[in-house]
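> Sequence and predicted structure, then a few things I'm wondering about:
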Amino acid sequence: MVACGNTPDGADLQAQGNAARATPAALVRVNQVGYPAGASKRAYLMAGADATGAAFTVRNASNAIVFTGTVGAKLGSWNHPYLFVHPIDFGVVTAAGTYTIALSGSFAATSPAFKIDTGQNVYAQALANALSFYQTERDGANYVPGANGLRTAPAHLNDATARVYVTPAVNSSGHFSGDLTPVVPELHVDGSGAWWDAGDYIKGVETLSYAVAMLLHGTREFPAQMGSASVGANFTSEVKFGADFLLRMWDDRSPTDGGQALYYQVGIGTGNSQITGDHDLFRLPQEDDTFGGTDPRFRYIRNRPVFRAGPPDSLVSPNLAGRSAAALAIAFQLFKSSDAAFANKCLLAAQHLFAHANTAPSGNLTTYVPFSFYPETEWLSDLELGAVELYFAVASGPGTAGWPAGLTTTDPLFYLRAAAHWASAYMSSSDDAIDTLNLYDVSGIAHYDLHKAIAQASAPAGLETSQAALVADLKKALDGALAKAHADAFEFGFPWSVWDTASHGTGLAVMASEYDELTGTSAYAEWSGRWLGNILGANAWGSSFIVGDGTTFPHCIHHQVANITGALDGTVPILRGAVVEGPNGTLYQGFVTGMRNCPPDDSDPFAPFNSNQAKFKDDIESFSTVEPAVDLSATSPLAFARQAAGRF
């Protein structure tokens, strides 16, 4: 056929097809939970061509235009074909309501709906979801029936009389030879209760001490959002449940009664050819107490081992000593009036744990078996946090039952000086301000509380640090995050391709808010909300990384209960409030018998938004991106509470 007129020939059609593939549909990414009325508000436009100056509208639920603006200059490129990412600012919209952002013409796109309201109204449901996550993760007899619509039975009742074993020699995958070795003389402890660590059923002081400390801190600092004055997210019972487990993991006996010791893990992840470990099975937790009948391969599924951190009266790894002491010291403050006996046990254990901290550790810190599961190296901030919370505990005075016998000291300045010492040591170390608030660095909370403690004590002379130094160090970490944000198309302050992406985002939001509160400024106010928004949908994938928060979130999370008994399409029941890993540099796969395949067709709708470095996959097998954990979820309620309280 001879071409005539303006009819395109085959080459032209192919060129047009290539151009169409190279220029994707524009997309608007927003914080899907919403924006407090008084906060800055930013969304992002992803496009295949320069959209600078393109008009956008903000429309209310009636589709009426309430604001018209223009897209800002390019922030950066994300991937090919999304070479242009632009800011969309609409801070002038403050009236309460539900809104969408829309563009037309060459960049036609409409955002998901989002809310603008008071901070309390915007984040109230997210706070309630966070609480329900921990209720679902409860182990033992005191489970919450129907939590999130997922729990139907208690689990691991045999943990109440768990036998104690010596930590086995394992490789980086957790494999070991032979059998476990019981401690001598034979010893059994009550390892029941607490929350499962993640999508598996192991429980460890490493992650639980962090989660309990963060949630206790939030419950104390934000009573209207997380404490007794909260209508829908009262964490008081939940944090007591967590503190009770930490209390039982510390054997506080005198030397004549066997000596003090820390038990740091319940259950074992990886087995060998003769022993089945927790990670080798996919099942509901209530099956474990009788799993396999009398089959010896499953003996450590039925009767889970407890591992001791060292012989009685030995020094305790400082990360565990510091964080556990911090959690138990805050528990004393919260419960000394309502449950004095429990509170006094917490204070005694906190002081004794802190006194047993190994302040010159060598080799790997104690975390999990194996260490590679949680390769923590920084511990100075843990001791800072433990000391400052002990300061607040002792300075608050005795409870209704008076001081318990056996305290190390009732002088609060002893702990204030210790906190200042460890803060100074942290700020002088190679770990200073290179991380953000997360499991591996708690300086973001420790500095905040120490700043307040110094003020409460009227800044006594002779401390090894000062309020000015503490806020300067917070600023140092935040400015490091800002440098990363300025180099990122979505202005995120942490690499998208590194583990624990989501929890670093919520941790950054907390730190930015803390700095402004302590300094009486709004220097980082826009960044606090912006980094939280990155986790709630304002990212390349257009997904919230917290289940149930927002309109698009992971459906196929790597979590046994959620996968086996939950819905797999985003409808209830789901594990609301679960913070997943988020984007990562590596995607994993591996199907375990018992999994429900999700997605059923193995589709990957987020693949077009992956970059060369950062990838996100919503797939049951991809634990590197969609496994939730108690430590990952621990700072999200703090970030929500700060926004709800207007501290942004």
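Arrived safely, thanks for sending.
> going forward, measure contacts between C-alpha atoms and count neighbours the same way
Noted.
> hey, where'd the strands end up in the stretch 251-400 of the chain?
Assigned by DSSP state E, counting those that start in this stretch, the stretch 251-400 of the chain shows strands spanning 261-266, 306-308.
> can the ones you listed go into TSV with extra columns for distance to Ala51?
Conversion of those to TSV gives the following (distance: least, Cα to Cα, whole Å):
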stretch	distance to Ala51
strand 261-266	53
strand 306-308	58
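> Walk me through the domains of the protein.
Here the domain parsing of the chain from automatic domain parsing is 26-117, 120-538+631-644.
> Same list, these, but as a markdown table with mean neighbour count, distance to Leu575 and mean pLDDT please.
Formatted as a markdown table, those follow (neighbours: other Cα atoms under 10 Å; distance: least, Cα to Cα, whole Å; pLDDT from 0 to 100):
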| stretch | mean neighbour count | distance to Leu575 | mean pLDDT |
| --- | --- | --- | --- |
| domain 26-117 | 20 | 17 | 98 |
| domain 120-538+631-644 | 21 | 6 | 97 |
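> Of all the ones you listed, which one comes closest to Phe591?
Smallest distance to Phe591 across those (Cα to Cα): 9.8 Å, for domain 120-538+631-644.
> quick one on the thing from earlier: quick one: which of the strands of the stretch 251-400 of the chain is nearest Pro182?
Using Cα to Cα as the measure, strand 306-308 is the one of those that comes nearest Pro182, at 9.2 Å.
> What is that closest one packed up against?
Helices and strands touching strand 306-308, by 3 or more Cα pairs under 8 Å, 6 or more residues apart in numbering; DSSP states H and E, are strand 162-166, strand 261-266.
> quick one, strands of the stretch 501-648 of the chain?
Per DSSP E, counting those that start in this stretch, the stretch 501-648 of the chain carries no strands over any range.
> Now do the helices in it.
With DSSP state H, counting those that start in this stretch as the criterion, the stretch 501-648 of the chain has helices at 501-519, 525-535, 560-565, 623-626, 636-644.
> by contact count, what packs against the second one?
Judged by 3+ Cα pairs under 8 Å, 6+ apart, helix 525-535 is in contact with helix 501-519.
> for the longest one, same thing?
In this structure, helix 501-519 makes packing contacts with helix 443-456, helix 467-486, helix 525-535, helix 636-644, judged by 3+ Cα pairs under 8 Å, 6+ apart.
> can you give me the angle that helix makes with helix 636-644?
On the basis of axes from the mean of the first three to the mean of the last three Cα atoms, to 10 degrees, helix 501-519 is oriented at 40 degrees to helix 636-644.
> Taking helix 525-535 as reference, get the angle to helix 501-519.
160 degrees.
> mind exporting helix 501-519 as CSV, just the C-alpha atoms?
What follows is helix 501-519, C-alpha atoms only, in CSV (Å, rounded to 0.1, in the frame of the first residue of the first chain):
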residue,chain,number,x,y,z
THR,A,501,12.7,2.3,55.4
ALA,A,502,9.2,2.9,56.9
SER,A,503,10.3,3.0,60.5
HIS,A,504,13.1,5.4,59.7
GLY,A,505,10.5,7.7,58.1
THR,A,506,8.3,7.8,61.2
GLY,A,507,11.4,8.2,63.4
LEU,A,508,12.5,11.2,61.4
ALA,A,509,9.0,12.7,61.7
VAL,A,510,9.3,12.3,65.5
MET,A,511,12.8,13.9,65.7
ALA,A,512,11.9,16.9,63.6
SER,A,513,8.9,17.6,65.8
GLU,A,514,11.0,17.2,69.0
TYR,A,515,13.6,19.7,67.8
ASP,A,516,11.0,22.3,67.1
GLU,A,517,9.4,21.7,70.5
LEU,A,518,12.6,22.0,72.4
THR,A,519,13.8,25.1,70.5
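> Please compute how far that helix lies from its chain's middle.
Here the centre of helix 501-519 is set off from its chain's centre by 13 Å, with Cα atoms, centre = their mean, to the nearest Å.
> Kindly report the same for the shortest one.
For helix 623-626, the distance from its own C-alpha centre to the chain's C-alpha centre is 14 Å (Cα atoms, centre = their mean).
> Nearest to Arg59, out of the helices and strands packed on strand 306-308?
Here strand 261-266 is closest among the helices and strands packed on strand 306-308 (Cα to Cα), at 52.2 Å.
> quick one: strands adjacent to that closest one?
Partners of strand 261-266 in the sheet, by DSSP bridges, are strand 203-204 (antiparallel), strand 250-251 (antiparallel), strand 306-308 (antiparallel).
> Could you dump these into CSV and include distance to Cys556?
Shown next, in CSV, are the strands paired with strand 261-266 (distance: least, Cα to Cα, whole Å):
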stretch, distance to Cys556
strand 203-204, 23
strand 250-251, 37
strand 306-308, 31
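> before we move on, the earlier item: can you tell which of the strands of the stretch 251-400 of the chain is closest to Leu478?
Of all the strands of the stretch 251-400 of the chain, strand 261-266 sits nearest to Leu478, with 32.5 Å by Cα to Cα.
> so can I have CSV of the domains of the chain showing distance to Thr552?
Putting the domains of the chain into CSV (distance: least, Cα to Cα, whole Å) gives the following:
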stretch, distance to Thr552
domain 26-117, 8
domain 120-538+631-644, 8
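> out of the ones you listed, nearest to Gly550?
Minimum separation from Gly550 across the domains of the chain (Cα to Cα) falls at domain 26-117, 4.6 Å.
> Can you check the distance spanned by that closest one, start to finish?
Distance between the two ends of domain 26-117: 27 Å, counting by Cα to Cα, to the nearest Å.
> ok, now stretch 594-613?
Taking Cα to Cα, stretch 594-613 runs 32 Å from one end to the other.
> Tell me which of the strands paired with strand 261-266 lies nearest to Ala340.
strand 250-251 (18.9 Å).
> which stretch among the helices and strands packed on helix 501-519 comes nearest Trp195?
The closest of these to Trp195 is helix 636-644. By Cα to Cα, the value is 16.6 Å.
> Give me the residues contacting the closest one.
36, 118-124, 126-127, 130, 214-215, 218, 222, 225-226, 503, 506-507, 509-510, 513, 529, 532, 579, 648 (Cα atoms under 8 Å, 6 or more residues apart in numbering).
> Same question for stretch 512-526.
Surrounding stretch 512-526, the residues in contact under the criterion Cα under 8 Å, 6+ apart are 39-41, 448, 451, 471, 474-475, 478, 527-528, 642, 647-648.
> Since that was my last question, I'll sign off now.
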